[in-house]
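Novice: quick one, what's the 3D model for this:
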Amino acid sequence: MRIINSMETRTPVAQGKRRAANLSVDADLLREAKEFQIKLSQLFEAALREAVCQRKAEKWREENHAAIDSYNEHIARHGVFGDDLRSF
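Specialist: This next block holds a predicted model:
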């Protein structure tokens, strides 16, 4: 069994404090979003949460790269516990 990525890619929605943020958005795009009743705060927060989660996963992989490679090399050389006992 190799380790590929053990970081969770989704994080639960936090119900924390909210802060106002000023953003610049293309005027035509903003008009269209309002026409489609897109809730900008929810969309921005979801996209920002996903971007932060991806960065955390990348950082975790970088920090644990050596240990994961070492583990995978060990498994490649020695197999996993019980390999000789299983029938499939």
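
Novice: name the residues that touch stretch 17-28?
Specialist: residue 44 (Cβ atoms under 8 Å, 6 or more residues apart in numbering). Bear in mind the C-beta positions are built from the backbone N, C-alpha and C, glycine included.

Novice: distance between the ends of it?
Specialist: Taking Cα to Cα, to the nearest Å, stretch 17-28 runs 30 Å from one end to the other.

Novice: quick one: mean pLDDT for it?
Specialist: The pLDDT scores in stretch 17-28 average 93.

Novice: cool, stretch 69-87 as well?
Specialist: Across stretch 69-87, pLDDT averages out at 87.

Novice: kindly export that stretch (C-alpha atoms) in PDB.
Specialist: This file holds the C-alpha atoms of stretch 69-87, laid out as PDB (Å, rounded to 0.1, in the frame of the first residue of the first chain):
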ATOM      1  CA  ASP A  69       9.400   8.400  -0.300                       C
ATOM      2  CA  SER A  70      11.200   6.400   2.400                       C
ATOM      3  CA  TYR A  71       8.000   4.500   3.300                       C
ATOM      4  CA  ASN A  72       7.200   3.700  -0.300                       C
ATOM      5  CA  GLU A  73      10.800   2.500  -0.900                       C
ATOM      6  CA  HIS A  74      10.500   0.200   2.200                       C
ATOM      7  CA  ILE A  75       7.200  -1.200   0.900                       C
ATOM      8  CA  ALA A  76       8.600  -1.700  -2.600                       C
ATOM      9  CA  ARG A  77      11.600  -3.700  -1.100                       C
ATOM     10  CA  HIS A  78       9.900  -5.600   1.700                       C
ATOM     11  CA  GLY A  79       6.200  -5.600   0.900                       C
ATOM     12  CA  VAL A  80       3.500  -5.000   3.500                       C
ATOM     13  CA  PHE A  81       2.800  -7.100   6.600                       C
ATOM     14  CA  GLY A  82       0.800 -10.100   5.700                       C
ATOM     15  CA  ASP A  83       1.600 -10.200   2.000                       C
ATOM     16  CA  ASP A  84       2.500 -13.900   2.300                       C
ATOM     17  CA  LEU A  85      -0.700 -14.700   4.300                       C
ATOM     18  CA  ARG A  86      -3.400 -13.300   2.000                       C
ATOM     19  CA  SER A  87      -5.000 -15.400  -0.700                       C
END
